[in-house]
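Trainee: With the sequence up front, the predicted model follows.
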Amino acid sequence: MLVAAAVCPCPPLLVPEVAAGAAAELDIARAACTDALGVLAAARPDRLVVVGPAEQSGRGTHPEGTRGSFRGFGVDVEVRLGSAGDAEAQVPAPASERSLPPSLAVAAWLLQRIGWSDAPIEGLGVGEPLAAERCIQVGREIAAGAERLALLVMGDASACRTLKAPGYLDERAAPFDAEVARALGAADLAALKALDTELASELKASGRAPWQVLAGAAEGTDLAGALLYEDAPYGVGYVVATWS
């Protein structure tokens, strides 16, 4: 049963070494993510599942201890899912070992940053084209059982908020992001389930599928939502919210 959830954005720029000289620009977002993870810890879950968007190679489950890195973004930073304080996290992974997709690597970095040790962790990479009903069903399956489950849900809103955004300016982006922020802040399952899959894809909203997994997992609960952060630095919508 789902007892708590945190929703965080997943840009590698959250990692200061990746952002370099611009790191301070996301300080408020990082602080909001830290607060959101505190809500998960306070719920005392038996298990934490981290859900994030993934390309083909990163889809599926990632057990505790799976490694990731930000070398693809120009920095030699290693992370490991559930490896808070583990010296082995600094050891390069074998070339043949499956690695975390970027969204889950960001989650692993956030969890290591707070020294998460409150519950066992596993990761789930979901494909961005995954149909809404399938996402919802995945959420239901994750939440089935008597254990106390927490979710850390990674994903960005639209990438089309400004002319310099990755997806250029799209007038539909701001209203879409506003509804996403409202729904996540209100724990509105119906609204999340009804998100337009095609529109989300056109707006490059990577969080659509993970948010719908969350909506499925939260069925039958009475969790209350709280919106901790909503902004669009670099023209990309970032939302931090908690459900508890």
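Mentor: Arrived safely.
Trainee: What is the one helix or strand residue 201 maps to packed up against?
Mentor: Secondary structure from DSSP states H and E places residue 201 in helix 197-202. Packing partners of helix 197-202 (3 or more C-beta pairs under 8 Å, 6 or more residues apart in numbering; DSSP states H and E): helix 208-217. All C-beta spots, glycine's among them, are computed from the backbone N, C-alpha and C.
Trainee: average pLDDT across the helix holding residue 201?
Mentor: Helix 197-202 shows a mean pLDDT of 97.
Trainee: Tell me which stretches of the protein form strands.
Mentor: With DSSP state E as the criterion, the chain has strands at 2-8, 47-54, 60-62, 67-69, 78-80, 121-127, 149-154, 225-231, 238-243.
Trainee: quick one: pLDDT of residue 85?
Mentor: So, for residue 85, pLDDT stands at 43.
Trainee: now do residue 20
Mentor: Note for residue 20: predicted pLDDT of 91.
Trainee: can I get the strands of the chain in TSV with distance to residue 35, mean neighbour count and mean pLDDT?
Mentor: As requested, the strands of the chain are exported to TSV (distance: least, C-beta to C-beta, whole Å; neighbours: other C-beta atoms under 10 Å; pLDDT from 0 to 100):
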stretch	distance to residue 35	mean neighbour count	mean pLDDT
strand 2-8	9	26	98
strand 47-54	16	26	97
strand 60-62	25	17	96
strand 67-69	23	23	96
strand 78-80	20	23	96
strand 121-127	19	23	96
strand 149-154	13	27	98
strand 225-231	6	19	98
strand 238-243	8	27	98
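Trainee: which stretch among those comes nearest residue 16?
Mentor: Set against residue 16 and scored by C-beta to C-beta, the strands of the chain come closest in strand 78-80, at 13.3 Å.
Trainee: show me what contacts the residue nearest to the spatial centre of the chain?
Mentor: Closest residue to the average C-alpha location of the chain: residue 154 at 0.7 Å, with C-alpha atoms, centre = their mean. By C-beta atoms under 8 Å, 6 or more residues apart in numbering, residue 154 lies in contact with 8-10, 50-53, 103-104, 106-107, 207, 210.
Trainee: Kindly indicate which of those lies nearest residue 230.
Mentor: Comparing the contacts of residue 154 against residue 230 with C-beta to C-beta picks out residue 9 as the nearest, at 9.9 Å.
Trainee: Now do the contacts for the nearest residue to that closest one once chain neighbours are set aside.
Mentor: With C-beta to C-beta, 6 or more residues apart in numbering as the criterion, residue 9 has its nearest non-adjacent residue at 3.7 Å, and that residue is residue 238. Residue 238 sits next to 9, 11, 29, 156-157, 229-232 when contact means C-beta under 8 Å, 6+ apart.
Trainee: wait, which of the contacts of residue 154 is closest to residue 143?
Mentor: residue 51 (11.5 Å).
Trainee: got the contact list for stretch 127-147?
Mentor: Outside stretch 127-147, the residues within contact range by C-beta under 8 Å, 6+ apart are 1-2, 46-47, 49, 51, 53-56, 59, 124, 126, 149, 151, 193, 195, 197, 201, 206, 208-210, 212-219.
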